[in-house]
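> next input, structure requested:
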Amino acid sequence: MTNKELARLIVQYLGGEQNIASITNCITRLRITLYSHDTDQKNLEAIKDLDNVLSVLDGDTIQIVLGPGKVTKIANEIHENTSVDVGVDSSGGENDADIASDTKQAYKAKQTSLIQQMFRHLGNIFVPIIPGLVASGLLLGIANMITNMADPGVGFLNPNITEASWFQLLEGVGNLLFSSLGVFVGINTAREFGGTMVLGGIAGLLIYAPVLDDIGSLSLFGLDLKVSEGLGGLLGAIFAAYVFTKIEKFTRKHTIDSLDLIVTPLVTLLLGSIVTFIVIQPIAGLVMDGITWFLVDLMLKTGGVIGGFVLSATFLPLVTVGMHQGLIPVHLELIDKFGSTTLLPILSMAGGGQVGAAIAILIKTKNKRMKNTVTGALPVGILGVGEPLIYGVSLPLGRPFLTACLGAGFGGAFLSLFNGVGAISVGPSGLALIPLIANNKYVIYIIGLIIAYLGGFILTYLFGYKERMATAVFGESTPATTAEETTKPDTDETTNATLTDAKTTTIYSPLKGEIIPLSQLSDEVFASEAVGKGLAIQPEEGKLYAPTNGIVTTVFPTGHAIGITSDNGEEILLHIGLDTVDIKDNVFELHIKKDEKVKKGDLLCSFNIDAIVKKGYDISSPIIITNSDLYNDITPVDASEIKVGDPLLTLD
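Modelled structure (predicted):
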């Protein structure tokens, strides 16, 4: 039975999607809330009899146990094929393609410094706008290409075509978003920091108000201020909307409810406007001028080839920590002032280096999973969407990420030799950026991109990739070398023979505390061993350690559950507490990421036992062998107390 068919039958037996209020998925099960809980018991039994369904628990929330990996795929199928509100977790799947999203999530999860949080806020403000920027930019790119081809010196199109009404409409639609960016940035800023979105929009409008050019200078509180439309740019719009939000929250807190609707917006607008004109516009203007001077005047114009190399080579490390989002307002400011951003084509070379590195890996590797991952990510990488290659290929492997960055630097160095290779919009890179290149400098940009491809390819092929890197990330997965091997099925029986013929292995305790048999747990899924055999521990310390050497294959975003596949093939689920997926507070702190190699005794997660218990949750923590059926015998330790690192389970 396919995942899609299983998802369809589950929805059908629950009374159809109109009867499902919401679905969330934990690491092992779907948790379903129904509008009407009069579901026939026969239907629940029918669900339990479906292939791949391990158990069904009936209660206020229906729980359908599917096991690690499977549950995420079924949740995704329901999410994609119905209108049901599904809380889908993308980190639990075990598909090769999930390496990209999970590596990305792990890197984002470690962005905890003040500066990293600031850039994360910037990302949350600008990322929702990017689809509009891409679409608008491509429209302008089409108009730009038509204008270039209609140039009398080119003679490819009739010059009068640019006067046609449809062409003017094309340009007008393309420019709509760019002429209103301050509003959207202000709205998203207010939403990000918990303010009223329309007030945030007004804050953004203040920065770009045409009346400022008419006024020129403003006398306020004894200060003579120079004001102009766009002073401070989008950075000013963000600061203004942020200040509006703070004023709004303070005013609302000190205003009686009956006057809140009138007083709070009025005070916010008046005080926020004053602060914007006196403080924010001048300071934001200086900051934007300083950033522009450093990146364009110093690095590109003065730094020349070296500056171009450094900018291209260091851009991808900025991407991995989210700081690249902070450059979006810089690009847009350059476009607003000069008609194009010369910074974007230079930085786009970073994606070219990744493409070249990926091609080198594709040629050298014999690992089938590695090949599949590169093959899937490479086409979109060529078109300028680099994240699948970054998070799915080069970054997990390590050294290829470095050689890709260095290779990209050569493309940036080449472009820096030619002044004015700019882009008229932001959004895509790679080949997709070609229509947006200003001043007919398409060929120069393409040559730079090819140089970046070659740089990434040569450095990675010669110095960047070893087959053991793919083995560490994807495991042993080499193509068959004989006809017999080619036709040999990859069955559970084959895996079973491999594991059961292996020597006895030991899983060590990841926690310190009291040992509890699974049968004594209040959670029927774990107690019935539906997910697998193992033990539970009542932890005395809020620290979870690796029970063996292996690779982290699953990390639930909340941090309450982690899956590890050992070097010997044991699939181990470490679940902190029972039903703790429902905890929304930050009581878990992850110290690892998915696909990271760990050794016995490595710290995986810290957690606050007192906070979990105070919230009413059972802290009993199951340690489960989820592929228990592949072993002849799983013997728990004969003890009531255990320390971290002591033998816990013996597998034969």
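> what about stretch 630-637, how long is it end to end?
End-to-end span of stretch 630-637 (Cα to Cα, to the nearest Å): 20 Å.
> ditto for stretch 525-536
13 Å.
> which residues touch that stretch?
Residues from elsewhere that reach stretch 525-536 (Cβ atoms under 8 Å, 6 or more residues apart in numbering): 28-29, 54-55, 57, 63, 65, 67-68, 515-521, 524, 573, 575, 578, 620-628, 634, 636-637, 648-649. Just so you know, the C-beta spots here come from the backbone N, C-alpha and C atoms, and that holds for glycine as well.
> ok, which stretches of the stretch 501-650 of the chain are helices?
524-527, 609-614 (DSSP state H, counting those that start in this stretch).
> so which residues of the stretch 101-250 of the chain form strands?
In the stretch 101-250 of the chain, the strands defined using DSSP state E, counting those that start in this stretch lie at 217-220, 223-226.
> okay if I get these as JSON lines plus distance to residue 457 and mean pLDDT?
Shown next, in JSON lines, are the strands of the stretch 101-250 of the chain (distance: least, Cβ to Cβ, whole Å; pLDDT from 0 to 100):
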{"stretch": "strand 217-220", "distance to residue 457": "57", "mean pLDDT": "75"}
{"stretch": "strand 223-226", "distance to residue 457": "52", "mean pLDDT": "75"}
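> which of those strands sits closest to residue 263?
Smallest distance to residue 263 across the strands of the stretch 101-250 of the chain (Cβ to Cβ): 22.6 Å, for strand 217-220.
> verify the stated contact: residue 338 with residue 422.
Yes: using Cβ atoms under 8 Å, residue 338 is in contact with residue 422, at 7.4 Å.
> return the helix or strand in this protein with minimum mean pLDDT.
helix 483-487 (a mean of 35; mean pLDDT, DSSP states H and E).
> can you give me the end-to-end span of stretch 570-587?
Note: stretch 570-587 ends 28 Å apart using Cα to Cα.
> name the residues of it that are buried.
Buried residues in stretch 570-587, counting neighbours by 16 or more other Cβ atoms under 10 Å, are found at 570-581, 583, 587.
> quick one: mean pLDDT over that stretch.
Confidence over stretch 570-587 (mean pLDDT, whole number) is 85.
> and the pLDDT for the residue of the chain most remote from its centre?
Among the C-alpha atoms of the chain, the one most distant from their mean position (Cα atoms, centre = their mean) is that of residue 222, at 48.7 Å. Note on residue 222: pLDDT of 73.
> repeat that for the one 5 residues further on.
Reading off the per-residue confidence, residue 227 sits at a pLDDT of 76.
> that one is in contact with residue 212, isn't it?
Yes: counting by Cβ under 8 Å, residue 212 is a contact partner of residue 227 at 4.5 Å.
> just the buried ones from the contacts of stretch 525-536, in PyMOL syntax?
To isolate the buried members of the contacts of stretch 525-536 in PyMOL, using 16+ other Cβ under 10 Å:
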select buried, resi 28+29+54+55+57+63+65+67+68+515+516+518+521+573+575+578+620+621+622+623+624+625+626+627+628+634+636+637+648+649
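> quick revisit: mind putting the helices of the stretch 501-650 of the chain into CSV with mean pLDDT and distance to residue 549?
Shown next, in CSV, are these (pLDDT from 0 to 100; distance: least, Cβ to Cβ, whole Å):
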stretch, mean pLDDT, distance to residue 549
helix 524-527, 80, 25
helix 609-614, 87, 27
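> give me whichever of these is most buried.
helix 524-527 (a mean of 19; mean count of other Cβ atoms under 10 Å).
> quick check: closest non-adjacent residue to residue 167.
residue 161 (6.1 Å; Cβ to Cβ, 6 or more residues apart in numbering).
> can you check residue 71 too?
residue 25 (5.0 Å).
> ditto for residue 58
Take residue 58 and drop its neighbours on the chain: the residue closest to it by Cβ to Cβ, 6+ apart is residue 44, 5.8 Å away.
> what helix or strand is that neighbour on?
helix 41-48 (DSSP states H and E).
> which stretches of the stretch 401-550 of the chain form strands?
With DSSP E, counting those that start in this stretch as the criterion, the stretch 401-550 of the chain has strands spanning 505-508, 513-516, 533-539, 543-545, 550-555.
> what packs against the shortest one?
Spelled out, it's strand 543-545. strand 603-607 (3 or more Cβ pairs under 8 Å, 6 or more residues apart in numbering; DSSP states H and E).
> then the last one?
Under the contact criterion of 3+ Cβ pairs under 8 Å, 6+ apart, strand 550-555 touches strand 561-566, strand 571-575, strand 597-598.
> which of those sits closest to residue 537?
That would be strand 571-575 among the helices and strands packed on strand 550-555, by Cβ to Cβ, at 9.9 Å.
> just checking: what are the partner strands of the closest one?
strand 561-566 (antiparallel), strand 621-625 (antiparallel) (DSSP bridges).
> now the first one and strand 550-555, what's the angle there?
Translated: strand 561-566. 150 degrees (axes from the mean of the first three to the mean of the last three Cα atoms, to 10 degrees).
> now do strand 561-566, average pLDDT.
Mean predicted confidence for strand 561-566 is 91.
> show me what that strand is in contact with.
So strand 561-566 is contacted by 26-28, 68, 505, 507, 544, 546-556, 571-576, 581, 590, 592, 598, 604-605, 626 (Cβ under 8 Å, 6+ apart).
> so who does the residue nearest to residue 167 touch?
146, 150, 167 are the contacts of residue 161 under Cβ under 8 Å, 6+ apart.
> re the thing from before, can you list the helices and strands packed on strand 550-555 in CSV and add distance to residue 241?
Listed next are those as CSV, based on distance: least, Cβ to Cβ, whole Å:
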stretch, distance to residue 241
strand 561-566, 38
strand 571-575, 42
strand 597-598, 43
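> re earlier: so which of the strands of the stretch 101-250 of the chain is nearest residue 261?
Of the strands of the stretch 101-250 of the chain, nearest to residue 261 by Cβ to Cβ is strand 217-220, at 28.0 Å.
> from the contact counts, what lies against the closest one?
Checked by 3+ Cβ pairs under 8 Å, 6+ apart, strand 217-220 has strand 223-226 packed alongside it.
> check which residues of the strand it packs on are buried.
Neighbour counts using 16+ other Cβ under 10 Å place residue 225 of strand 223-226 among the buried residues.
> how far does it sit from its chain's centre?
44 Å (Cα atoms, centre = their mean, to the nearest Å).
> residues contacting it, please?
Here strand 223-226 has contacts from 216-219, 277-278, 282, using Cβ under 8 Å, 6+ apart.
> coming back round to it: would you turn the strands of the stretch 401-550 of the chain into JSON lines with distance to residue 292 and mean pLDDT?
Shown next, in JSON lines, are the strands of the stretch 401-550 of the chain (distance: least, Cβ to Cβ, whole Å; pLDDT from 0 to 100):
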{"stretch": "strand 505-508", "distance to residue 292": "56", "mean pLDDT": "90"}
{"stretch": "strand 513-516", "distance to residue 292": "57", "mean pLDDT": "92"}
{"stretch": "strand 533-539", "distance to residue 292": "53", "mean pLDDT": "93"}
{"stretch": "strand 543-545", "distance to residue 292": "47", "mean pLDDT": "94"}
{"stretch": "strand 550-555", "distance to residue 292": "40", "mean pLDDT": "88"}
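> can I get those in CSV with distance to residue 83?
Formatted as CSV, those follow (distance: least, Cβ to Cβ, whole Å):
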stretch, distance to residue 83
strand 505-508, 43
strand 513-516, 42
strand 533-539, 38
strand 543-545, 38
strand 550-555, 28
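> of all those strands, which one is nearest residue 179?
strand 550-555 (43.3 Å).
> Provide a list of residues in contact with the closest residue in space to residue 640 that isn't next to it in sequence.
Sequence neighbours aside, residue 515 is the residue nearest to residue 640 in space, at 5.8 Å (criterion: Cβ to Cβ, 6+ apart). Contact partners of residue 515, counting by Cβ under 8 Å, 6+ apart, are 535-537, 636-637, 639-642.
> out of those, which end up buried?
535-537, 636-637, 642.
> name the nearest of those residues relative to residue 299.
residue 537 (54.6 Å).
> how much space separates the closest one from residue 133?
Going from residue 537 to residue 133 by Cβ to Cβ, to the nearest Å gives 51 Å.
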